[in-house]
Each structure stands twice: as structure tokens, then as C-alpha cells.
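Enquirer: Any chance you could fold what I've pasted below:
(one chain, ligands or ions: 1)
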Amino acid sequence: MPAPHRLVVLVSGTGTLLQALLDAASEPGYPAAVVAVGADRPGTEGVERAHRAGLPTFVERLAGHPDRASWDRALLDRVRSHAPDVVVGAGFMKVVSPEFLDGIGCPMLNTHPSLLPDFPGAHAVRDALAAGVAVTGATVHRVDAGLDTGPVLGRTEVPVRPGDTETTLHERIKTEERRLLVEVVRGIARADAAPGTSRQPQT
Ligand code: GRF
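Expert: You can find the predicted model right below:
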């Protein structure tokens, strides 16, 4: 059995998506494990979850650097030091550079609370409500140089209910988003470990 895929997870908030990965990884046979958690701001519940799980953490604040390129390089160094197989943006509210994506040496995934390509950006749930759609959802995609534009790896639909607020709708989306993320990561880790791939154990 190959070693579990090494996940470095980046967070900005409460980290319930991270928690879903931590919970999945504690089940026998789940093919991935979180090895480190990073944040772009101090004091997040996401980093607290990592501490409780006994994982290494790091925080790189944009304000702690003279410019964005310096922050991006520092984040890259932190991520690379944990030798990830996959980097996961799980509610990570910063855009990384093409240099970061080249430098990590593995795919980066992002999870987003809408059915991309609809409603990219930081206010996806609010924007979906304002547009009056009957169905929205969540998307896990590979990160590229654009904002929420990379290839879609999985999507899940969530109906909008009468009377939904941004909060109620986002909570229902996040329930599905957590399941989707766990399944997409499982699929990637299994595919990479399949015969004929570079991660297959060499004999
Ligand atoms: C998710 O809906 C994510 O897509 C969005 O912020 C939420 C993060 O939730 N960008 P949590 O911090 O994992 O609870």
C-alpha cells in the first residue's frame, strides 16, 4: 500500500473543510493525510484545529511583508518545506502567483461555494442569492493563474430555499462542499497510486 498523499492545507477561517479532511484521514484506508496547515492571518479556528490534531502550522501575513511577491515566496517556502503531494486551499482567501503554483511541485486544489464558472470571487453565496438562481452549490477545482478559473474536478448542487439568507445557504453548501472535497482528494490520491503512475511503489 503506498504512503498516504501528503496534504498541506491553507485556511483563512473556521476550517470546517480542513476538519473534514482530518476526519476522513483518521479513517482506515483513506489515501491522504494532512501533514501541515498554513494560514494568511493569525488566530484562525482552522489553525486551532490543526494544533488540536498535533499538526505543524504556519502563518504568513501579507502585512508582514514589504510586498505581495515577498509574501508569496515566503508562503511557497513554508509549503515546500512539508513536501506536499497536493496543496489544498480550504477557505483560503488569498490568490497565489503562477510562481507559487510552479514552485510547489504538485497540484493545488481550491474549493469554492458556487457552481463554477458561475459566481467566482469572494462573495459567491451572496452573488448567487442576488441573481435569484434556484440551484447553486460547490466546486472543487485545480488552481491556475486566474481567479476560480482552473479545471473543475468536482461539483455538487445545493437548491436555494425560500427565505434563505447568505448564512443559511452557505451552511448548507458547506455541508456538501466538505463531502465533495473529501471525495475529490480521495480520487486524486487513488489515481496517483494506481499502477503505471509515478507514485506507484518501485520494485
Ligand atoms: C467555504 O465555503 C469556502 O469555499 C469559502 O469559505 C468557506 C470556508 O469554510 N471560500 P471553512 O473555513 O472551512 O469552515
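
Enquirer: Tell me how far Gly46 lies from the ligand.
Expert: According to C-beta to the nearest ligand atom, to the nearest Å, Gly46 stands 6 Å off from the ligand. For glycine as for every other residue, the C-beta is placed from the backbone atoms N, C-alpha and C.

Enquirer: which residues touch that residue?
Expert: Val11, Ser12, Gly13, Thr14, Gly15, Leu18, Val37, Ala39, Ala90, Gly91 (C-beta atoms under 8 Å, 6 or more residues apart in numbering).

Enquirer: Narrow those residues to those in helices?
Expert: With helices taken from DSSP state H, the overlap with the contacts of Gly46 comprises Leu18.

Enquirer: What's the PyMOL syntax to select whichever of the contacts of Gly46 are buried?
Expert: Filtering these down to the buried ones (16 or more other C-beta atoms under 10 Å) takes a single PyMOL command:
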select buried, resi 11+12+13+15+18+37+39+90+91
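
Enquirer: Out of the contacts of Gly46, which sit inside strands?
Expert: If you go by DSSP state E, the contacts of Gly46 have Val11, Val37, Ala39 in strands.

Enquirer: Of those residues, which is the nearest to Leu109?
Expert: The nearest member of the ones in strands among the contacts of Gly46 to Leu109, counting by C-beta to C-beta, is Val11 at 13.2 Å.

Enquirer: ok, for the residue of the chain found nearest the ligand, nearest residue in space, not its chain neighbours?
Expert: Across the chain, the shortest distance to the ligand (C-beta to the nearest ligand atom) belongs to Gly91, at 2.7 Å. The shortest distance from Gly91 to any non-neighbouring residue, by C-beta to C-beta, 6 or more residues apart in numbering, is to Gly13 (4.8 Å).

Enquirer: got a pLDDT number for the one you found?
Expert: With respect to pLDDT, Gly13 has a value of 95.

Enquirer: try Ser198
Expert: Ser198 carries a pLDDT score of 56 in this model.

Enquirer: Begin at 285 from now on, thanks
Expert: Sure, I'll start numbering at 285, so the last one becomes Ser482.

Enquirer: so who does Met377 touch?
Expert: Each residue near Met377 by C-beta under 8 Å, 6+ apart is listed here: Ser296, Gly297, Asp324, Ala406.

Enquirer: let's see 10 Å
Expert: Applying C-beta atoms under 10 Å, 6 or more residues apart in numbering to Met377 gives the contacts Leu294, Val295, Ser296, Gly297, Ala323, Asp324, Arg325, Ala406.
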